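K.L.:
Task: produce atomic coordinates for the following.
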Amino acid sequence: MVKPIRRVVAGNDERGVAVALSDGPSPDVRLDPARPGFASTRLWVTEETPARVKGIRETLNLPHTIEPPKNGSVCRVVEFPPEASYMNKIGAADVQSYFAAMGSPGASTAKAGAPHPYMQRTLTLDFCYVLEGEITLVLDTEEVHLKEGDTVIQRGTSHAWSNRSDRPCLVVFSQHDGTM
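P.N.:
Numbers count the residues shown, from 1 in each chain. This next block holds a predicted model:
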């Protein structure tokens, strides 16, 4: 079962007093039918750096993509289910469908002989924090096992996330537009 992610958006009211503008489960959740239990929950998006902090109450109306807007950022939580039950059933069409549904069809780097079917690359700087569970970061030529509390600084690399455990893993991503 997908875990709802509570999102509290704080800001200033018309008098300049700090208030909770909204409080509830994030309404922007994307699933992957090929991976039952997978959920990508988008929490906030910025369109520029430095980010505007005044007068903006909501940003989830912006186009949905894996990578942030040009010069922007995106914060999301991804729930990766254990992959043993579905990994051998995933085909190239499933992967293409997922990346298209996420608004980033060009992010997939999967090809014949790739170390994982969901290999991807974005021109972003990503701060990744394992909130719950454990997961393996799959890179082109090596793998790194991660557990709760571990962090990854992802810098435009081809990679995938592989949950080989028997319980879901939650990872928080703060992604920022990058350049070469």
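K.L.:
Go ahead and confirm Tyr86 touches Pro36.
P.N.:
Yes: the pair Tyr86 / Pro36 is scored as a contact, 6.5 Å apart, by CB atoms under 8 Å. For every residue, glycine as well, the C-beta is placed using N, CA and C.
K.L.:
who has more neighbours, the two?
P.N.:
Neighbours were counted for Tyr86 and for Pro36 using other CB atoms under 10 Å; Tyr86 has more, 17 against 12.
K.L.:
any idea how far Thr59 is from the more buried one?
P.N.:
Look at Tyr86 and Thr59: by CB to CB, to the nearest Å, they are 32 Å apart.
K.L.:
which intervals of this structure have sub-threshold pLDDT?
P.N.:
Residue ranges of the chain with pLDDT under 70: 1.
K.L.:
the helices in it, which residues?
P.N.:
Taking DSSP state H to define them, one finds helices in the chain at 92-101.
K.L.:
In contact with Val19, which residues?
P.N.:
With contact taken as CB atoms under 8 Å, 6 or more residues apart in numbering, Val19 is in contact with 10-13.
K.L.:
which residues pair with it across the strands?
P.N.:
Val19 has these beta-bridge partners by DSSP bridges: Gly11.
K.L.:
Spell out, range by range, the strands that occur in this structure.
P.N.:
Taking DSSP state E as the criterion, the chain contains strands spanning 6-12, 18-25, 28-31, 39-46, 73-80, 124-132, 134-139, 143-147, 151-155, 159-162, 169-177.
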